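Asks: requesting a structural model of the entry that follows:
(chains A, B, C and D, ligands or ions: 10)
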Amino acid sequence: MALKPSFSDEISNLLYAAHGNPINACIQCGTCSGTCPVANYMDQTPRRLIGMINADLKEDVLDCNTYWFCASCYHCTVRCPADIDIAGVMYAVKRYSIWNKTYSEDLVGPKFSEAFVKTIVRTGRSYEPILAPTYMFHFGPKDFFHEAVTASKMMLKGRIPVLPPRIKRLENFKNMIRKIIPLGESS
Amino acid sequence: MTDTKSPPIHEEKVGVYICHCGTNISKVVDVEGVAKWAENNPHVEISREYKFMCSSLGQELIEQDIKEKGLTKIVVASCSPHMHEGTFRTATENGGLNPFMFEMANIREHDSWITDDEEAATQKAKALVNAAIERVVHHQPLEEIPVEINPNTLIVGGGIAGITAALELANGGNHVYLVEREPSIGGHMAQLDKTFPTLDCSACILTPKMVDVDHHPNITLLTWSEVEKMDGYMGNFEVTVRKKARYVIEEHCTGCGICIEKCPFEVVDEVFEAGMGKRKVIYRPFPQAVPKYPVIDTENCVYFQKGTCKACQKFCPTEPNSIDFEQEDEILKLQVGNIILATGYELFDVKRIPQYGYGQLENVFTSLEFERMANAAGPTEGKIVLRDLKTAPEKVAIVHCVGSRDENYHKYCSKVCCMYSLKFAHLIHERLPDTEVYNCYIDMRTPGKGYEEFYDRLLKEGTNFIRGKVAEITDSARTEEEEGKLIVQVEDTLIGRQRRVPVDMVILSPAIEAQPDSKDISQLFKMGCDFDGFFIERHPKLDPIATMTEGIFIAGACQGPKDVPDTVAQGAAAASRVASLISLGTVMMEPIRASIDKDACSGCKICNNMCPYNAIEFIEEEGVSEVITALCQGCGTCVAACPSGVITGAHFTNVQILSQIEGLLWDMQDLEAVPAGKEK
Amino acid sequence: MKKYAYFPGCSLEKMASSYHKSALETTEVFDIELQELDDWNCCGATTYFHVDAILAHTLVARNLAMAEKEGLDLVAPCSACYKNAYFTNDYIKNDPDLKEHINFALEEDDLQFNAEIEVFHLIDIFANDVGPDLIKEKVNNPLKGLIIAPYYGCQIVRPRKNGEEVENPQFFEDIISAMGAEPAYFPERLRCCGGSLIMTNRVAALNMVRILLQSAEKNGAHVIATACPLCQVNLECYQEQVNEEFGTDFKLPILYFTQLLGLALGISPKKLGIGIELVSATPVFSKLLPKEAN
Amino acid sequence: MSDQFEPIIVGFLCNWCSYRAADLAGTARIKYAPNLRPIRVMCSGRVDPQFVLQALRSGADGVLIAGCHPGECHYVNGNIKALRRFLLLKKTLSQWGIEDERVQLLWASASEGIFLAEKVNKMTEEIRALGPLHWHDKVLGGNGAIPIPVKEV
Ligand SMILES: Cc1cc2nc3c(=O)[nH]c(=O)nc-3n(C[C@H](O)[C@H](O)[C@H](O)COP(=O)(O)OP(=O)(O)OC[C@H]3O[C@@H](n4cnc5c(N)ncnc54)[C@H](O)[C@@H]3O)c2cc1C
Ligand SMILES: Cc1cc2nc3c(=O)[nH]c(=O)nc-3n(C[C@H](O)[C@H](O)[C@H](O)COP(=O)(O)OP(=O)(O)OC[C@H]3O[C@@H](n4cnc5c(N)ncnc54)[C@H](O)[C@@H]3O)c2cc1C
Ligand code: SF4
Ligand code: SF4
Ligand code: SF4
Ligand code: SF4
Ligand code: SF4
Ligand code: SF4
Ligand code: SF4
Ligand code: SF4
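Replies: Ligands and ions are numbered 1, 2, ... in the order given. Below you'll find the model as predicted:
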């Protein structure tokens, strides 16, 4: 084996604990892409993404929006005839891209994920109002408007809490997380 | 362990022969040194080295020494026993000893060829030679087991495989029992319309063969029959067959068919017509059925269910009447020497893939349904129409690999479906020239004489090929164009885009599956079937016809998915294997078999279900187990399993192997405090 | 009486308070106690998995460990929470390394998880523990005349792989029939609603919502029943945006199956949180056939 | 031979697969550790635990049992029985303090000559690292009692 793991090896390693076959078992049948409800919005279909990973086309893989557009619906995973957890692969590439900060600036997905995780790490619960401004900033003006309208309607119906909920044993909780990942200690 | 036939161990005179194999062995192993060293072993009478032991001069050396020096056992250290064990056994026999008084040490493949380290190779050679000497002194004379072959043959399954085998054997003058569980022979081929790639009409080429079977003096045809039990072994099987009651007396019936005409009740024919057509309650699966006698389906017969009707009997013109409502199943016992299994295949149940909509979306068909529809003798007289039996489809999608090449169902490729899917496309083009056909495939598998050319022809005929496995079939229209259609959703992988193709009809090409009862059948006939249920051949390349059980052969799709040409080839091959055994009359079987010392057997029965061939029987009266020698294949599993150590595996006895182990470790003994190697 | 540890998940706190209320009301009828986990934490929906798989599993495992401590199986009403809990449980069961790693972190909160419990979705409880027969028995206000589209969405059935259950489940339909209503033919019932995409790819998500609404409406559904707060919000709160984006005119109420079930069981709409929908459910109830007098 | 410790491994090779694999390795002139001393058995299912014990007792440092891959057994499923027996035997051996690496089970088909050779190399290395077995010191503590062979349950 080569000294430096290839991109496809790296992604395979990130498929931590996932069930199913390694991604090189893909027979390029297209069941995943035929199934995917988002396929037509993606730069590359899920099948092509798997093919590109197997071909070690790291730049092209990270550049495309496919994995950020995956809705985690798992429909491809249950149908894949090669028993590959495609949705899991999408997560793995997301993680790879976040860790390596390789995602393109105009994508909302990674920003959203980071903001979301920060909130939870800070409070133990998710809280939409805090979250909203962080990612909404990355929306275009039209999208922002829509979000704001929907959110205020929900607020009127009492469906958005006013105060952020917190868990009780927050210190323990944070220590627990520290054991898994280094916290930016921004909290 | 008692040695009755051999001299006491200390009186054994072993001859040892170390081969140079030109320089193949001697280049690395100190052959002379080993030969000289071997003389030190107290059992050894003479130890020699020679350039080429397998040459006739080498063999003569052995023969001479046996005669002149009174050798009782022979060891040759040379190549693999898979190479020359037979040669040297013969030489041993020619010298006047039982051929099993011989042992071979493999110092070429396992030694001189795997290392350049002369010292290590020589040491290993000594170990191997010593092990052979220590083993051979415990060898017992064994006799090959002669078995007479009953010239009658049983063939199970009357598809094209069974028919071919039956005719081949019968034409050679041998008697055949052909057992088929349906009312007629013919199998799946009888259901097909045209056959790829030449598109001959299936019935036109099959019917004459079926008729030949019917009239052949050497064939006893037993349809509507099933094998219930098999006893015995190669050459002498006894098979119990249940001949189910037809309620039609074959001796009187002329096959006129008036009873069928007059029977007032119809049911859907799920078997022959694949649910596409109907049949009467008293029926023949199809007009050319062989034999011609009808059979009453008692589950649906009004007389059997309610006690009235008997229309068939009333109208039967024969004298005496051929309908007999009192008829009972017959149990037949057949004596045969060999058995050919040709039980064919079933189709994968496409309902297991709900996203393809079969059973819910009415115009989704299976391939077999389409075959019946395309067949001029079928329910629509060859017209290709939707379920309403009127409308011709304007667009048809054919879905490949349904349940094949899929870890969720069957991993294997079903081999015939690419070709018949192409055939379907062709039939549609031929009969409905304006209809668009879409073949959705993963890979187009067309290896075979004239097959790729057939694919090429379809490309030119204008079939739309979409490379992509169909994801789902739905009636959920999202656009006007999709309204009222079946939508096939698939990625066209060659352009990398998801497509939704609206069509009127979908044909699914399901996997070829082993018969659902193939496990039971394999147990009944004491042979193996693989994980998927297909029967296991003795060797995948060099012996695809034989099984691990002597005297039992397999042919056709029961061994794995295959098309008609391959099936016919296997049918004929199985027949020729059987024919050669019949012409030998008697065959010799290797004496490597297990036997149980009845006096010492504790009757624990542990060995009984250990044996993969069910060769061990428990004798209730005596409370002990016994090996049926003819069934035993000599694997030794029972020998290792018996807690009382009372099973002997001939030529691989415990004492032989234990002595071999010790001989092998001759150079390690002084490292140990307690000398091992005590007789057990 | 059966008792479960109940993990409401963040969205049930407010956004889906009606689901929370109706879940408690309806389970009570069948003598099932949902004991809310004390001090549960957010399981991260799908988002944690974008960042760190082990972190995600650990956060989920904290909740699981608390249920295990109580000796109870866990029930989650949100499909995303359920999926996370189910898989973390499943992975830890099968991967001793992961288990060790996670327990190393859980120590900080004096917890330990051995993966000895089972995880269920709220709807599993009604489909299996209760069962359609018992539901039918307890229904005193059958929803006659109402056509309900059962929306399964993704994660109740996937990525579990148990053959027909995954591609052709029937339990939701059975529950609807048991309420006395008619399950709508709803071919898109297993299709993703795009919930997690609404922030990242609005147009795709809205189109996915449109496809679902279109299919339900075309097949005559009066209301769509969901079993997940994210699906509910997506289908309901974005209906207006869908109408704007695609020029459609959808006004399909989206209710939790527990709300509909509650009505059939004769529980008052208010107790079930009916009335806080963005697409009013009131017109639906005019569809109900008058109750036969008996 | 070099000065390093050369372990002796007794190999029980099934006649149909592994023995042929070893033949093939030779025919292909693949060079591998000459430390394996093979014994041919008809089936890996024939390998009685007492053979393994006898080999260890008589001075072998390791034992390799090799048979056909599951599903490919010439005798239907002898290899599965071997596997079952092997697992039982391992339990006993580890109770006696015999390291896992010393007794190994391997599936090798007739065509897997290279694979078999690699395995033999690997096993030789592993046992070389462990050093000689010294059965009598290790297991019997010098008292000469013969351990009871493990039997099928
Ligand atoms: C839709 C379709 C189209 C096809 N088209 C073509 C084509 O165009 N060209 C081509 O070459 N091939 C074609 N094939 C393949 C072809 O059908 C097979 O190659 C062939 O039928 C195999 O013959 P067989 O005798 O092995 O098995 P079968 O035809 O299945 O016959 C087996 C027989 O054994 C009987 N049987 C089973 N079990 C028992 C039992 N326990 N006791 C007694 N009897 C038993 C069965 O009743 C049956 O009669 C097609 C297959 C399908 C599904
Ligand atoms: C590179 C390669 C790799 C392959 N690998 C595999 C594999 O892994 N597995 C597999 O199953 N198959 C494999 N095959 C296919 C395999 O080689 C053939 O299936 C097989 O050899 C065919 O055997 P045959 O006896 O029909 O023909 P051949 O092997 O060609 O034998 C024909 C014999 O007839 C002799 N002969 C010819 N004309 C005359 C004459 N007029 N008079 C007298 N003698 C004559 C020839 O000298 C020759 O000895 C491979 C083929 C190739 C090219
Ligand atoms: S469905 Fe599976 S095998 Fe097919 S292309 Fe997608 S990942 Fe590859
Ligand atoms: S999990 Fe992602 S890639 Fe797979 S079908 Fe769903 S959206 Fe598409
Ligand atoms: S007996 Fe074997 S080793 Fe000796 S010469 Fe013949 S082939 Fe070579
Ligand atoms: S009517 Fe009588 S003779 Fe004619 S087919 Fe029927 S049973 Fe036979
Ligand atoms: S008795 Fe039965 S088979 Fe005969 S005609 Fe009546 S229904 Fe048909
Ligand atoms: S023959 Fe063709 S259709 Fe059939 S399983 Fe193989 S690839 Fe698929
Ligand atoms: S295992 Fe041995 S003792 Fe037990 S029944 Fe068989 S032969 Fe007799
Ligand atoms: S040696 Fe094998 S085949 Fe023979 S009786 Fe024993 S277990 Fe059966």
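
Asks: over to the closest residue to D:Asn35 other than its chain neighbours: give its phi and psi.
Replies: Distance criterion C-beta to C-beta, 6 or more residues apart in numbering or on different chains; nearest residue to D:Asn35, sequence neighbours excluded, is D:Thr124 at 4.7 Å. Quick note: C-beta positions are derived from backbone N, CA and C, even for glycine. Taking degrees, to the nearest 10, you get phi -60, psi -40 for the backbone angles of D:Thr124.

Asks: what's the local residue count around D:Thr124?
Replies: 22 (other C-beta atoms under 10 Å in any protein chain shown).

Asks: hmm, it is touching D:Phe5, no?
Replies: No. When contacts are counted by C-beta atoms under 8 Å, D:Thr124 is not listed as touching D:Phe5 (10.2 Å).

Asks: now A:Gln44: how far from D:His136?
Replies: For A:Gln44, the distance to D:His136 equals 66 Å [C-beta to C-beta, to the nearest Å].

Asks: between those two, point out the one with more neighbours.
Replies: Counted by other C-beta under 10 Å, A:Gln44 and D:His136 do not tie: A:Gln44 has more neighbours, with 21 against 18.

Asks: that one and B:Gln498 touch, don't they?
Replies: No. Contact criterion C-beta under 8 Å: A:Gln44 and B:Gln498 do not qualify, at 12.0 Å.

Asks: can I assume B:Lys229 sits in a helix?
Replies: No. Assignment of B:Lys229 by DSSP: H, G, I helix; E, B strand; the rest coil gives strand, placing it outside any helix.

Asks: OK, contacts around it?
Replies: B:239-240, B:524 (C-beta atoms under 8 Å, 6 or more residues apart in numbering or on different chains).

Asks: next: B:Lys280.
Replies: B:260, B:263, B:265-267.

Asks: residues near the closest residue in space to it that isn't next to it in sequence, how many?
Replies: Closest residue to B:Lys280 apart from its sequence neighbours, by C-beta to C-beta, 6+ apart: B:Cys263 at 4.4 Å. The tally of other residues near B:Cys263 (other C-beta under 10 Å) stands at 22.

Asks: beta partners of C:Ala76?
Replies: Beta bridges link C:Ala76 to C:His121, judged by DSSP bridges.

Asks: wait, it sits on C:His121?
Replies: Yes. C:Ala76 lies in contact with C:His121 (C-beta under 8 Å); the separation is 6.3 Å.

Asks: looking at residue 24 now. What's its pLDDT?
Replies: If you meant another chain, say so; for now it's chain A. Reported pLDDT at A:Asn24 in the predicted model: 91.

Asks: looking at chain C here, not the other one
Replies: At C:Leu24, the pLDDT value in this model is 95.

Asks: go on, the one 10 residues further on?
Replies: Looking at C:Leu34, its pLDDT stands at 95.

Asks: contact partners of the helix or strand it falls within?
Replies: Using DSSP states H and E, C:Leu34 maps to strand C:32-36. Residues from elsewhere that reach strand C:32-36 (C-beta under 8 Å, 6+ apart): C:1-8, C:23-24, C:27, C:70, C:72, C:75, C:125, C:129-130.

Asks: adjacent strands (with direction) for that strand?
Replies: Sheet pairing for strand C:32-36, using DSSP bridges, gives strand C:2-6 (parallel).

Asks: which strands and helices sit next to the following helix or strand past the partner strand?
Replies: The element immediately downstream of strand C:2-6 (helix or strand, assigned by DSSP H and E) is helix C:10-13. Judged by 3 or more C-beta pairs under 8 Å, 6 or more residues apart in numbering or on different chains; DSSP states H and E, helix C:10-13 is in contact with helix C:17-29, helix C:229-237.

Asks: out of these, deepest packed?
Replies: Among these, ranked by average contacts under mean count of other C-beta atoms under 10 Å in any protein chain shown, first place goes to helix C:229-237 (a mean of 26).

Asks: list the helices and strands it packs on?
Replies: Helix C:229-237 sits against helix A:141-156, helix C:10-13, helix C:79-94, helix C:202-218, strand C:223-226, strand C:254-256, with contacts defined as 3+ C-beta pairs under 8 Å, 6+ apart.

Asks: if we can go back for a sec, among the helices and strands packed on helix C:10-13, which comes closest to B:Ile473?
Replies: Nearest of the helices and strands packed on helix C:10-13 to B:Ile473, taken as C-beta to C-beta: helix C:229-237 at 24.5 Å.

Asks: distance from the closest one to the middle of the chain?
Replies: 11 Å (C-alpha atoms, centre = their mean, to the nearest Å).

Asks: got the angle for that helix vs helix C:17-29?
Replies: Interaxial angle of helix C:229-237 relative to helix C:17-29 (axes from the mean of the first three to the mean of the last three C-alpha atoms, to 10 degrees): 130 degrees.

Asks: how about low-confidence regions in the stretch 1-150 of chain B?
Replies: B:1-7 (pLDDT under 70).

Asks: from it, which residue is nearest to ligand 8?
Replies: Distances between the stretch 1-150 of chain B and ligand 8 by C-beta to the nearest ligand atom are smallest at B:His82, namely 35.6 Å.

Asks: for the residue most central in space within chain D, helix, strand, or coil?
Replies: The residue lying closest to the centre of chain D (C-alpha atoms, centre = their mean) is D:Leu64, at 1.3 Å. At D:Leu64 the chain is in strand, as set by three-state DSSP.

Asks: so which residues of the chain form helices?
Replies: By default, I'm working from chain A. A:7-14, A:31-35, A:46-54, A:58-63, A:66-69, A:75-79, A:86-100, A:109-123, A:128-136, A:141-156, A:170-178 (DSSP state H).

Asks: my question was about chain D, not that one.
Replies: D:18-27, D:49-57, D:78-95, D:113-130, D:135-138.

Asks: adding mean pLDDT, write these out as a markdown table.
Replies: A markdown table is the format used below for the helices of chain D (pLDDT from 0 to 100):
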| stretch | mean pLDDT |
| --- | --- |
| helix D:18-27 | 92 |
| helix D:49-57 | 93 |
| helix D:78-95 | 90 |
| helix D:113-130 | 95 |
| helix D:135-138 | 76 |
